[in-house]
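Participant: How does the following fold in three dimensions:
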Amino acid sequence: MHSNPAHRRLFSRCKSFGTVLAFAMLLLARRANALDDIPPPFGFRWNDSSGKVEQVLVAAKAKIVSREEDEKRQTWTVEGLVQPGLKRTLFKFKEGFLTEVELQYEYDKWTIENYNDRMGEIRRYFDAKFGTGKLVSRTRDTDSDVIQTLVGYQWIVGGTMLELFYFSAQREALVYRTITVSYQAM
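Facilitator: So this is what the prediction gives:
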């Protein structure tokens, strides 16, 4: 906190402990306000217009492969955003404004151990950034010939929610696995 020259000058001018305490609380409040919300990825902001999002996607040479609409919501499926393992991204809009971004990762030829390691890395990163996530799902369904596993964590900061899920479905030698990261304005 004392590394900033402006802060050092202000501290040196403070004569009483109460003044120093008030200044320190002001600095902490400013830092806390910076984390009032979890921002969506790719430099977007909550409530960006669909036109602005489309402009950025076109400039990034990403492709909107589908647009679905129901009631006041619109969902775009986008491919071609460059990030390791990112298969597709869903952009969700309410009344034309960005409210959710879901990243879907699929790694070809990865084992269950690779997925477990990657889930752990992502979870530790979010825990360090937003506090310890809440376990919201840990299920394994073996009631049919398809074994399904779902593990999910959730972080809520201000008016936003971040969710991290691992899902797998396996039937004999056929296996489908995915990791999703969903950013939502609530």
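Participant: going forward, measure contacts and count neighbours with C-alpha atoms only.
Facilitator: OK.
Participant: Do a quick rundown of the helices in the chain.
Facilitator: 5-13, 17-34, 50-59, 112-130 (DSSP state H).
Participant: any idea which of those helices scores lowest on pLDDT?
Facilitator: Per-segment confidence across these bottoms out at helix 17-34, which has a mean of 37 in mean pLDDT.
Participant: Dig out what the residue nearest to I38 when sequence neighbours are not counted forms beta bridges with.
Facilitator: Counting by Cα to Cα, 6 or more residues apart in numbering, T160 is the residue found nearest to I38 once chain neighbours are left out, at 5.8 Å. Applying DSSP bridges to T160 gives these bridge partners: V157, A185.
Participant: ok, T160 touching D37?
Facilitator: Yes. With contact defined as Cα atoms under 8 Å, T160 reaches D37; the gap is 5.5 Å.
Participant: one step back: quick one: residues contacting the residue nearest to I38.
Facilitator: Residues near T160 by Cα atoms under 8 Å, 6 or more residues apart in numbering: 37-38, 183-186.
Participant: And it, what's its pLDDT?
Facilitator: The score at T160 is 98. That number is its pLDDT.
Participant: cool, K15 as well?
Facilitator: pLDDT, the model's per-residue confidence, is 47 for K15.
Participant: care to break the chain down by domain?
Facilitator: If you go by automatic domain parsing, the domain ranges for the chain are 5-34, 50-185.
Participant: Quickly compare those domains and say which is most buried.
Facilitator: Per-residue neighbour counts averaged over each of those give the maximum for domain 50-185, namely a mean of 16 (mean count of other Cα atoms under 10 Å).
Participant: distance between the ends of that one?
Facilitator: Across domain 50-185, the straight-line distance between its terminal residues is 15 Å, by Cα to Cα, to the nearest Å.
Participant: From the chain's centroid, how far away is that domain?
Facilitator: In this view, domain 50-185 has its centroid 8 Å away from the chain centroid, taken as Cα atoms, centre = their mean, to the nearest Å.
Participant: now swap in stretch 166-186 and tell me
Facilitator: Between the mean C-alpha point of stretch 166-186 and the mean C-alpha point of its chain there is a distance of 15 Å (Cα atoms, centre = their mean).
Participant: on that earlier part again, make a markdown table from the domains of the chain and add distance to G43 to it.
Facilitator: A markdown table is the format used below for these (distance: least, Cα to Cα, whole Å):
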| stretch | distance to G43 |
| --- | --- |
| domain 5-34 | 15 |
| domain 50-185 | 10 |
